[in-house]
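S.K.: From the sequence below, what's the structure:
(one chain, ligands or ions: 1)
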Amino acid sequence: MLSETRDLSAPRVARPRRYLMCPPAHFKVTYSINPWMDPAKPVDLPLALAQWEDLRDRYRALGHTVELLEPRPDLPDMVFAANGATVIDGRVLGARFAHPEREAEAAAHLDWFRAHGFTEIHEPSHINEGEGDFAVTASYLLAGRGFRSSPLSHDEAQEFFGRPVIGLDLVDPRYYHLDTALCVLDDSADEIMYYPDAFSPGSRAVLARLFPDAVIASAEDAGALGLNAVSDGLHVLLPQGAVGLFSPLRERGFVPVGMDLGELLKGGGSVKCCTQELRV
Ligand SMILES: CN(C)C(=N)NCCC[C@H](N)C(=O)O
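M.R.: Alright, predicted model coming up:
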């Protein structure tokens, strides 16, 4: 299958999106399930809330719809709503978390979908951490594996969504989810940015073959979690520390919007982790 290409003379256009977010009312770092989490480092909860509200308000100011999931006191990582499901064409593939600390988030997400009129819901048999490891482009469902999602979840997703799944091996524990190492910039034209060193040599070759025009992130920008970003087709909301990504994005006609989610970074997530896209 050939990738969708874009008419380079056409202006970039933002498409209104529907996002699901969960306020970090109970966010804290009491356990460590990724290298970014250090329970010895205190979290400033009011600051985390203010940073999250800034992101939510920014989406709304850009014309997007933000729906809210009720946070639960026993689930401190619930703010990372992207991990709770994957939704394409209104079909919901639930999550199944790798770590027991987050297990109960899956049911909370499914309850939300059932209460909000979603009827095509699949409860997964295999471990998948939602949009943490699944990324939707025009032609493919890119699927990470190696740290969290099981390779078996890739077949399950392909069968459920009827989209070709491209499995990608993650090899660096700091980039434990696909969305820490790769971001879809234009989902109507197979345009992405990624950090090659987060992937195995074979997966790097696959990415280079499928996305020869991708924006390539430096180690510094990936280290600022710069790829944990959300694009509406025009605006790219990304961690403000990823300064090296701003120019390449502007050169391609995108509008980068730097966000400060420094407190949430202590949990190992940033813009994308806090944002699940409801593709209805
Ligand atoms: C990038 N996305 C969605 C994420 N990468 N999620 C962040 C999850 C953070 C959580 N402490 C964990 O380790 O599961």
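
S.K.: which helices and strands does the helix or strand containing Tyr19 pack with?
M.R.: Element membership for Tyr19, per DSSP states H and E: strand 18-21. Other helices and strands packing on strand 18-21, by 3 or more Cβ pairs under 8 Å, 6 or more residues apart in numbering; DSSP states H and E, are helix 45-61, strand 65-68, strand 276-277. Where you see a C-beta, it was placed from the backbone N, CA and C, and this is true even at glycine.

S.K.: between these, which one is nearest to the ligand?
M.R.: strand 276-277 (8.3 Å; Cβ to the nearest ligand atom).

S.K.: List the neighbours of that closest one that are in contact with it.
M.R.: Applying Cβ atoms under 8 Å, 6 or more residues apart in numbering, the external contacts of strand 276-277 come out as 17-21, 81-85, 87, 130-131, 136, 230.

S.K.: Just the buried subset of the residues you listed, please.
M.R.: Among the contacts of strand 276-277, those buried by neighbour count (16 or more other Cβ atoms under 10 Å) are 17, 19-21, 81-85, 87, 130-131, 136, 230.

S.K.: Filtering the residues you listed by proximity to the ligand, which remain?
M.R.: Filtering these for proximity to the ligand by Cβ under 6 Å from any ligand atom leaves 82-83.

S.K.: out of the buried ones among the contacts of strand 276-277, which are inside strands?
M.R.: Using DSSP state E, the members of the buried ones among the contacts of strand 276-277 that fall within strands are 19-21, 85, 87, 136, 230.

S.K.: Now for Ile216: which residues touch it?
M.R.: Ile216 touches 193-196, counting by Cβ under 8 Å, 6+ apart.

S.K.: Using JSON lines, lay out these together with neighbour count.
M.R.: Shown next, in JSON lines, are the contacts of Ile216 (neighbours: other Cβ atoms under 10 Å):
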{"residue": "Met193", "neighbour count": "28"}
{"residue": "Tyr194", "neighbour count": "27"}
{"residue": "Tyr195", "neighbour count": "22"}
{"residue": "Pro196", "neighbour count": "18"}
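
S.K.: helix/strand/coil for the residue lying closest to Gly223 once chain neighbours are set aside?
M.R.: Nearest residue to Gly223, sequence neighbours excluded (Cβ to Cβ, 6 or more residues apart in numbering): Arg174, at 7.5 Å. At Arg174, secondary structure determined by DSSP: H, G, I helix; E, B strand; the rest coil is helix.

S.K.: Could you do Gly167 as well?
M.R.: Applying three-state DSSP: Gly167 is strand.

S.K.: Count residues in the vicinity of it, would you?
M.R.: When neighbours are counted by other Cβ atoms under 10 Å, Gly167 registers 19.

S.K.: wait, isn't it in contact with Leu141?
M.R.: No. Look at Gly167 against Leu141 with Cβ atoms under 8 Å: they stay out of range, at 9.9 Å.

S.K.: on that earlier part again, looking at the contacts of Ile216, spot the one nearest Glu220.
M.R.: If you rank the contacts of Ile216 by distance to Glu220 using Cβ to Cβ, Tyr195 comes first, at 10.2 Å.

S.K.: Format the ones in strands among the buried ones among the contacts of strand 276-277 as a markdown table; extra columns: pLDDT.
M.R.: Below are these laid out as a markdown table (pLDDT from 0 to 100):
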| residue | pLDDT |
| --- | --- |
| Tyr19 | 98 |
| Leu20 | 98 |
| Met21 | 98 |
| Ala85 | 98 |
| Val87 | 98 |
| Val136 | 98 |
| Val230 | 98 |
